[in-house]
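>>> Give me a 3D structure for the following:
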Amino acid sequence: MGGGAGDDGVPGYYSIGIRTYTSSIATVAPKLSLELHEAAATADAARLAQLMHDYVLPLYAIRARRKGYEVSVMKEMMNQLGMAAGPVRARLVQVAPEDKAQITKILEKWKPVLG
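This is a model prediction of the structure:
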């Protein structure tokens with residue numbers, strides 16, 4: 001399971017000719033990761049901006065709340081989707097209850113891109 005930052009950098013990466021990135025989103029929503037790539041690779045700025053606004057930035061806002069949350073939030077998403085992620089390892093923090101509720105809301109909005 002990846003916890004790296006990368007999905008949030010897609011617009012910048014592709015604007016300078018980079019055509020690859022580390023996608024932690026692909027762990028739970030490979031369709032969304034592919035849509036990000038396609039929008040960026042075809043220079044569909046409007047579609048890319050919409051994907052970033054609707055899906056990526058809300059997720060990354062939660063991930064930025066605490067040190068180590070990049071992994072914690074992705075594991076929580078996996079657990080909520082019934083994937084076998086389990087708890088984070090020692091030194092990382094579990095997702096706070098109020099953030100779990102927000103992740104649930106994000107996953108509701110993500111239904112079209114989870115398949």
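
>>> only C-alpha atoms for contact and neighbour calcs from this point on.
Fine.

>>> Low-confidence stretches in the protein?
Applying pLDDT under 70 to the chain flags residues 1-5.

>>> mind listing the helices for it?
Counting by DSSP state H, the segments of the chain that form helices are 10-15, 30-41, 45-51, 57-63, 69-80, 97-109, 111-114.

>>> Dump the second one to CSV, restricted to CA.
If I follow you right, that is helix 30-41. C-alpha atoms of helix 30-41 as CSV (Å, rounded to 0.1, in the frame of the first residue of the first chain):
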residue,chain,number,x,y,z
PRO,A,30,-7.6,3.0,-9.8
LYS,A,31,-10.2,4.4,-12.1
LEU,A,32,-9.7,7.9,-10.6
SER,A,33,-5.9,7.6,-10.9
LEU,A,34,-6.3,6.7,-14.6
GLU,A,35,-8.7,9.6,-15.1
LEU,A,36,-6.2,12.0,-13.6
HIS,A,37,-3.5,10.6,-16.0
GLU,A,38,-5.8,10.8,-19.0
ALA,A,39,-6.9,14.4,-18.3
ALA,A,40,-3.4,15.5,-17.7
ALA,A,41,-1.8,13.6,-20.7
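
>>> Show me what it is packed against.
helix 10-15, helix 45-51, helix 111-114 (3 or more Cα pairs under 8 Å, 6 or more residues apart in numbering; DSSP states H and E).
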